[in-house]
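[1] just the structure for this:
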Amino acid sequence: MNVVTLTLGPLDTNCYLVWSGSDGDALLVDCAGDPEAILGEARGRELRIRLIVNTHGHIDHTDALAAVVRATLAQVAVHELDASFLADPALSGAALFGFSQAAVTPQMRVREGDTVSLERADLSLKVLHTPGHTPGSICLVSEGVLFSGDTLFAGGIGRMDLPGGDEAAMMSSLSRLMELPGDLVVYPGHGPATTIREERARNPWIGER
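    Presented below is the predicted three-dimensional model:
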């Protein structure tokens, strides 16, 4: 599996261009900030973005979504509990933080245990429902990697004071993630990559579970 990190937008949000093999089909985890940066990276690597998976519905992770979908005709996936965020500025935080928002309708509304995949590329990611930051926050796990969205950061976690945030749910989600293999590389929604083992040892929030 190949992973390229793009840190974009005013909140330095991480987007991940993910592919496997040489057929050129790629998956994008989150879609933030600058659509031309995302599209340019894909073109430069001769990749076609076929599927965009949103770890949650906040605007800093989705503000480039409409433009990238128009350019690529990619399918859009999000957890069913966050699907309405993609069209509602009050839920997504666009109204609160002064972002513009173009409504997007997801083709896939995923749940716990679902798999998002690119069959021709032999690439699949399992959906873990990890509420707390938002009701429909998800993580994606496959082949030694975890895309954690705004559930788990290096040395931190996502905020819980926005609409739909839930501290008890977040603590439960963190406990679940800490049961995963320690050598999983964690690609978070903000900040540097880490591992489950590092977060068990050093994340001050983990002791709260």
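[2] contacting residues for F147?
    Y16, V29, T55, L125, C139, L140, V141, Y187 (C-beta atoms under 8 Å, 6 or more residues apart in numbering). To be clear about C-beta, it is placed using only N, CA and C from the backbone, and glycine gets the same treatment.
[3] which strands and helices sit next to the helix or strand hosting L17?
    Using DSSP states H and E, L17 falls within strand 13-19. Counting contacts by 3 or more C-beta pairs under 8 Å, 6 or more residues apart in numbering; DSSP states H and E, strand 13-19 is packed against strand 2-8, strand 25-29, helix 35-44, strand 123-129, strand 185-188.
[4] sorry, back to before: and the contacts of F147 as JSON lines, adding neighbour count, pLDDT and distance to I157?
    JSON lines is the format used below for the contacts of F147 (neighbours: other C-beta atoms under 10 Å; pLDDT from 0 to 100; distance: C-beta to C-beta, whole Å):
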{"residue": "Y16", "neighbour count": "20", "pLDDT": "98", "distance to I157": "19"}
{"residue": "V29", "neighbour count": "25", "pLDDT": "98", "distance to I157": "18"}
{"residue": "T55", "neighbour count": "31", "pLDDT": "98", "distance to I157": "13"}
{"residue": "L125", "neighbour count": "26", "pLDDT": "96", "distance to I157": "21"}
{"residue": "C139", "neighbour count": "24", "pLDDT": "98", "distance to I157": "12"}
{"residue": "L140", "neighbour count": "25", "pLDDT": "98", "distance to I157": "17"}
{"residue": "V141", "neighbour count": "19", "pLDDT": "98", "distance to I157": "17"}
{"residue": "Y187", "neighbour count": "21", "pLDDT": "98", "distance to I157": "15"}
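[5] what's the closest of those to L47?
    Y16 (12.4 Å; C-beta to C-beta).
[6] could you pull out the strands in this protein for me?
    Using DSSP state E, the strands of the chain run over residues 2-8, 13-19, 25-29, 48-53, 75-79, 108-110, 115-118, 123-129, 138-142, 145-149, 152-153, 156-157, 185-188, 194-195.
[7] sheet-wise, list the partners of the third one with their directions.
    Read it as strand 25-29. Sheet pairing of strand 25-29 (DSSP bridges) gives strand 13-19 (antiparallel), strand 48-53 (parallel).
[8] what angle do that strand and strand 75-79 make?
    In terms of direction (axes from the mean of the first three to the mean of the last three C-alpha atoms, to 10 degrees), strand 25-29 departs from strand 75-79 by 40 degrees.
[9] my guess is A32 meets V68, correct?
    No - using C-beta atoms under 8 Å, A32 makes no contact with V68, being 10.0 Å away.
[10] quick one, which of those two is more surrounded?
    Between A32 and V68, A32 has the larger neighbour count (other C-beta atoms under 10 Å), namely 27 against 23.
[11] with that, I have no additional questions.
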